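*Asks:* Compute the structure for the input listed below.
(2 chains)
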Amino acid sequence: MRILLLEDDANTAAYVSKGLEEEGHTVDHLADGRDAVAQAVGETYDVVILDRMLPGLDGLAIIKDIRSAGRRVPVLFLTALGGVDDRVEGLDAGGDDYLVKPFAFSELLARVNALARRPHTKGEETRLKVGDLEIDLVSRKVTRGGDTIDLQPREFRLLEVLMRNRGRIVTRTMLLERVWSFHFDPKTSVVETHISRLRAKIDKPYGKELIHTIRGSGYTVNDGA
Amino acid sequence: MTLQDLLRRTPFRLAAAFSLFFITTVLALFTVIYLVSSARLVSDIRDRVRTNIESLAVLDGERTFDDLVTVVAEESESVRDPDFIIELVDKDGKFLAGNVRGVPQSTQWMTLKRSSLNFSMDRGEPTDEFLAIWKPLAKGSLLVGSDNSEVKQMKLFLLKLLAYGLLATTIAITLCAIYFARQTQHRIDAFANPLARVSRGQISARVPISGLRDDVDQIAGQVNGMLGNLQKLIENVNQSSSDIAHDLKKPLGRLRQRLDDARREAKSPADFQSAVDAALLEIDSITETFDALLRITQIEAGARKDKFVAIDLRMLLADVHDVYDIVAEDAGDKLTMASDVAHPAVVQGDPELLMQVFANLVENAIRYCPPGTEIGLRLCAAPGSYRVDVTDSGPGIPESERENVFRRLYRLERARSTDGSGLGLSLVAAIVDLHGAKIALADNAPGLRVEVSFPAKSA
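*Replies:* Predicted structure coming up:
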């Protein structure tokens, strides 16, 4: 993937660039907000990572300028610690996802991967399939190996988020945000408990696990092939 | 003290304005007295002259005119004091009798100067004045006039009275004004001095209360109340700063120990790896504490209030139940939900923050109560408000501790061994406050009951 990183802090930029390049991505780094819009509009990127506070031009203004130039490139913006309203403002301005600093690299990587559009899919998918597990987003039906599985609405939503990102890691925080709209860190094992209930319905009776725990990162759905 | 300084003082300005007003009033009063009494004196003299002239005019007639001439002549001779003038002329204006001659004829009242008269008497001052009038008779005209020195004397007397009165009044008023100005100035200074001390940093200084129970005392009471609150706030800020410093020193100390240990003891990359992992966890928990503190500050600043929407508390609680019933079940507890309200219980709020409030309260019950605890969510309606009770059958919180648990970084003795920042309930309290709601802790006998009361959304 080709990624544009707009970050004025040299340490953070080096840390992020190095990590992403080790994952096989190409990273262009800019430290000044003034050059950012021209670069983002003039070149083709798969993802833009944008610091909310940049010298020269505010991160919000950059997102707005990129959007008004007609670019749909996914934007992940980085906000300062505890910025409650930054998230809302950033998403309102046209950002696609956000991450609060300081962050773990695995969290950033998972979000960047989730943002990158699949090159070969056209339009909205309505049927998602991993191995013999299939879910229909319209009829909200879940089947595995031909058996229909009954899921609670919240269990379905959890499975849907995992399936939309099949083959990629979804972190605990991403699940909290997308399934339960929790923008805080619960002190109990909310995610683990719900995943375990989902596994009991999806995986346990079929012998072969599709939902995998990636230690220290999150969860992924794949058929383990 | 210069005059400018004096003029800048409110009590002095008030006293000066009051004195000026009073003196002006006295002056106006004296002027009226002066004008009325001098007019009255003039009219008295005129009456006298008229009576005089009428009594003589009785003799006016064909046969008695010669008698009149005689009488006038006698009058002129007999009058010894120079306070009376008289002149009788015939039809042609020729002098017949009198003590003055050649007074010009007029139908109006005249004020005649002694110096302008041809007076047959030697005594009297040239500045004397006479009020005189002509009366036309059948065979001539008669002039009678009277000295108006009475009016002059009266005027002089009144002017003197006025001057002395005014002087006395001015002195009295000025003394009064100075006295009251000083009294008031003293009370103002008594106010200003402690306030100046406060602004120099002596926050414990207080304004004296005179005990008069007047308006100044009321303001003094309010100022003292305000200073008291301010002092408490500042102490709180100081307290929480040192709490924060303490709270962060502990994990930083642990972090340092771990890294130090790793440097000395670790033999393999795996040892280093686990030391780094432990250090990262420690740093995450420090970050989380900061995050929570910043969040509380932001929420207390009230910035999110403009993003409020209508929220049905029943739906919100159902969501909370939906998320946590299996979490409670896995912890060996039981989470139940009940609603006494059959219709949507709508309040104005931020759904994300309110979710956090109830998630936090339920999580506290799960974490700090032993397995087997019954946790309840209940929605009740009261006039004009909705109340959500989060109950548990756990150990509860002793009454003496119930206020403290909302303090930042405060942790109950028995909770110190579990991980947690001591910020959860502070955050809850800040969110509840933002929503204009109230939170109270009560005894659930056994256990704890947290009551959150929301004002119902007004239509």
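
*Asks:* Any idea how many residues pack against the nearest residue to B:Glu399 once chain neighbours are set aside?
*Replies:* Nearest residue to B:Glu399, sequence neighbours excluded (Cβ to Cβ, 6 or more residues apart in numbering or on different chains): B:Asp443, at 7.6 Å. C-beta: built from backbone N, CA, C; applies to glycine. B:Asp443 has 13 neighbours, counted by other Cβ atoms under 10 Å in any protein chain shown.

*Asks:* how much space between B:Asp443 and B:Arg402?
*Replies:* The gap separating B:Asp443 from B:Arg402 is 9 Å, by Cβ to Cβ, to the nearest Å.

*Asks:* Show me where the chain has its strands.
*Replies:* All of this is about chain A. A:2-6, A:26-30, A:47-51, A:75-79, A:97-100, A:127-130, A:133-136, A:141-144, A:147-149, A:170-171, A:211-214, A:218-221 (DSSP state E).

*Asks:* if you could check chain B rather than the one you did, that'd help
*Replies:* According to DSSP E, the strands that chain B contains are B:84-90, B:95-98, B:100-101, B:110-113, B:118-119, B:129-137, B:140-147, B:309-312, B:334-339, B:346-349, B:374-382, B:385-392, B:438-443, B:448-455.

*Asks:* Including distance to B:Gln231 and mean pLDDT, could those go into TSV?
*Replies:* Shown next, in TSV, are the strands of chain B (distance: least, Cβ to Cβ, whole Å; pLDDT from 0 to 100):
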stretch	distance to B:Gln231	mean pLDDT
strand B:84-90	90	88
strand B:95-98	98	87
strand B:100-101	94	85
strand B:110-113	81	86
strand B:118-119	93	79
strand B:129-137	81	88
strand B:140-147	84	88
strand B:309-312	38	92
strand B:334-339	43	94
strand B:346-349	33	91
strand B:374-382	36	93
strand B:385-392	33	94
strand B:438-443	25	91
strand B:448-455	30	93
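
*Asks:* Tell me which of those sits nearest to A:Ile195.
*Replies:* Ranking the strands of chain B by their distance to A:Ile195 (criterion: Cβ to Cβ) puts strand B:334-339 first, at 18.8 Å.

*Asks:* so what strands line up beside the closest one?
*Replies:* If you go by DSSP bridges, strand B:334-339 pairs up with strand B:374-382 (parallel).

*Asks:* List the contacts of the strand it pairs with.
*Replies:* Here strand B:374-382 makes contact (Cβ atoms under 8 Å, 6 or more residues apart in numbering or on different chains) with B:313-314, B:317, B:320-321, B:328, B:333-341, B:345, B:358, B:362, B:365-366, B:369, B:386-393, B:447, B:453.

*Asks:* What parts of chain B come near chain A?
*Replies:* B:277, B:280, B:283, B:287-288, B:290-295, B:298-299, B:303-304, B:307, B:322-324, B:326-327, B:330-331, B:351-352, B:355-356, B:359-360, B:363, B:366-367, B:420, B:424 (Cβ under 8 Å from any Cβ of the partner chain).

*Asks:* make it 6 Å
*Replies:* B:290-291, B:294-295, B:298, B:303, B:322-323, B:326-327, B:330, B:352, B:356, B:363, B:366 (Cβ under 6 Å from any Cβ of the partner chain).

*Asks:* How many neighbouring residues does the residue in the stretch 1-150 of chain B positioned nearest to chain A have?
*Replies:* Scanning the stretch 1-150 of chain B for the residue nearest chain A gives B:Thr10, at 46.1 Å (criterion: Cβ to the nearest Cβ). Residues contacting B:Thr10 under the criterion other Cβ under 10 Å number 11.

*Asks:* residues in contact with the residue nearest the centre of chain A?
*Replies:* By Cα atoms, centre = their mean, the mean C-alpha position of chain A lies nearest to A:Arg111, the distance being 3.1 Å. Contact analysis of A:Arg111 by Cβ atoms under 6 Å, 6 or more residues apart in numbering or on different chains lists A:Leu76, A:Asp97.

*Asks:* need the helices for chain A, in chain order.
*Replies:* A:10-22, A:33-42, A:59-68, A:84-92, A:105-115, A:153-164, A:172-180, A:190-202 (DSSP state H).

*Asks:* Leaving out sequence neighbours, find the closest residue to B:Tyr34.
*Replies:* Of all residues not flanking B:Tyr34 in the chain, B:Leu158 sits nearest, at 4.9 Å (Cβ to Cβ, 6+ apart).

*Asks:* meant to ask about B:Ile178, not that
*Replies:* Excluding the flanking residues, the one nearest B:Ile178 by Cβ to Cβ, 6+ apart is B:Ala15, at 6.8 Å.

*Asks:* cool, B:Leu7 as well?
*Replies:* B:Arg13 is the one closest to B:Leu7 (Cβ to Cβ, 6+ apart), at 6.4 Å.

*Asks:* ditto for A:Arg178
*Replies:* Closest to A:Arg178 by Cβ to Cβ, 6+ apart is A:Val161, at 4.9 Å.

*Asks:* Identify all contacting residues around the helix or strand of chain A with the lowest mean pLDDT.
*Replies:* Across the helices and strands of chain A, mean pLDDT, DSSP states H and E gives its lowest value to helix A:84-92, namely a mean of 80. Helix A:84-92 has contacts (Cβ under 6 Å, 6+ apart) with A:Arg52, A:Phe77, A:Thr79, A:Tyr98, B:Arg295, B:Gln298, B:Ala303.

*Asks:* and if we set it to 7 Å?
*Replies:* A:Arg52, A:Leu60, A:Phe77, A:Thr79, A:Ala80, A:Tyr98, A:His183, B:Arg295, B:Gln298, B:Ala303, B:Arg304 (Cβ atoms under 7 Å, 6 or more residues apart in numbering or on different chains).

*Asks:* for stretch B:35-55, same thing?
*Replies:* With contacts defined as Cβ under 7 Å, 6+ apart, stretch B:35-55 is touched by B:109, B:131, B:133, B:135, B:142, B:144-146, B:148, B:150-151, B:154-155, B:158.

*Asks:* Quick one: mean pLDDT for that stretch?
*Replies:* Stretch B:35-55 carries an average pLDDT of 88.

*Asks:* Leaving aside the residues adjacent along the chain, what's closest to residue 185?
*Replies:* Since you didn't name a chain, this refers to chain A. Nearest to A:Asp185 is B:Glu288, by Cβ to Cβ, 6+ apart, at 6.6 Å.

*Asks:* Let me rephrase: I mean chain B.
*Replies:* In space, and not counting its chain neighbours, B:Gln185 is closest to B:Pro11: 5.0 Å by Cβ to Cβ, 6+ apart.

*Asks:* how about the one you found, what does it touch?
*Replies:* B:Phe180, B:Ala181, B:Thr184, B:Gln185, B:Ile188 are the contacts of B:Pro11 under Cβ under 7 Å, 6+ apart.

*Asks:* Can you give the domain ranges for the chain?
*Replies:* Assuming you mean chain A. Per automatic domain parsing, the structural domains of chain A span A:2-115, A:127-221.

*Asks:* try chain B instead
*Replies:* B:1-205, B:215-301, B:304-455.
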